[in-house]
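# Sequence isn't available, so here's the structure alone:
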């Protein structure tokens, strides 16, 4: 075989090997345009710590479960950023829009405040044990008084939204709705706890 023919065959085989499904990246954002209004505005700055996450949920993988007690990841679908990071940005934006505080800032931004919100992402996955399944999100939160270094309250928030299909598209749509639900509930709780 002559070299030009061999090189052409090698390129053809390489092209065939890379013609699998394209990897897709999804943005984890809520669909709600407005945060729930706070009962009254408090003249205080609320600091929000970076959201922590369980080790399995720290990456950008889109997670599902097809058998009780197991987790797996969608092969050709991922989040554009780790879920905890996306949820943190969405939470701060909602808290700001709610008007419950004079200002809301991330810790490390240089702002000082008397209240600190800590949130942990316990779970975020497509539970498809019974297809098409449900999207599940669980967040644990606590509000601390930074001056007295005391915990004012803590609570767990969860949502389960039916997925329209047992695939990444169905999972993402339902997870966005579930995120809306838990963030709405969390914002109301923070406002009532801080007053």
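Looks like it came in fine. Everything numeric here is computed off the predicted structure, so don't read it as measured data. Residues are numbered from 1 along each chain as shown.
# Kindly check the end-to-end length of stretch 54-72 for me.
15 Å (C-alpha to C-alpha, to the nearest Å).
# So which residues make contact with that stretch?
Residues outside stretch 54-72 that contact it (C-beta atoms under 8 Å, 6 or more residues apart in numbering): 25-26, 73-74, 77-84, 120-129, 131, 133, 168, 171-172. Bear in mind the C-beta positions are built from the backbone N, C-alpha and C, glycine included.
# Tell me how far the strand or helix carrying residue 157 lies from the chain's centre.
Using DSSP states H and E, the element containing residue 157 is strand 150-162. Remark: strand 150-162 is offset 14 Å from the chain centroid, using C-alpha atoms, centre = their mean, to the nearest Å.
# Provide the strand pairings for that strand, with the direction of each partner.
strand 134-145 (antiparallel) (DSSP bridges).
# Specify the beta-bridge partners of residue 65.
residue 127.
# Please work out how many residues are found near it.
Close neighbours of residue 65, defined as other C-beta atoms under 10 Å, add up to 17.
# Strands along this protein, start to end?
Ranges of strands within the chain are 24-26, 42-48, 52-53, 61-65, 72-79, 101-106, 115-127, 134-145, 150-162, based on DSSP state E.
# What residue, apart from its backbone neighbours, is nearest residue 47 spatially?
residue 113 (4.2 Å; C-beta to C-beta, 6 or more residues apart in numbering).
# For the strand holding residue 157, buried residues please.
157, 159, 161 (16 or more other C-beta atoms under 10 Å).
# Please apply the same query to stretch 125-144.
Quick answer for stretch 125-144 (16+ other C-beta under 10 Å): 125-128, 133-139, 141-144.
# Now do that stretch: distance to the chain's middle.
10 Å.
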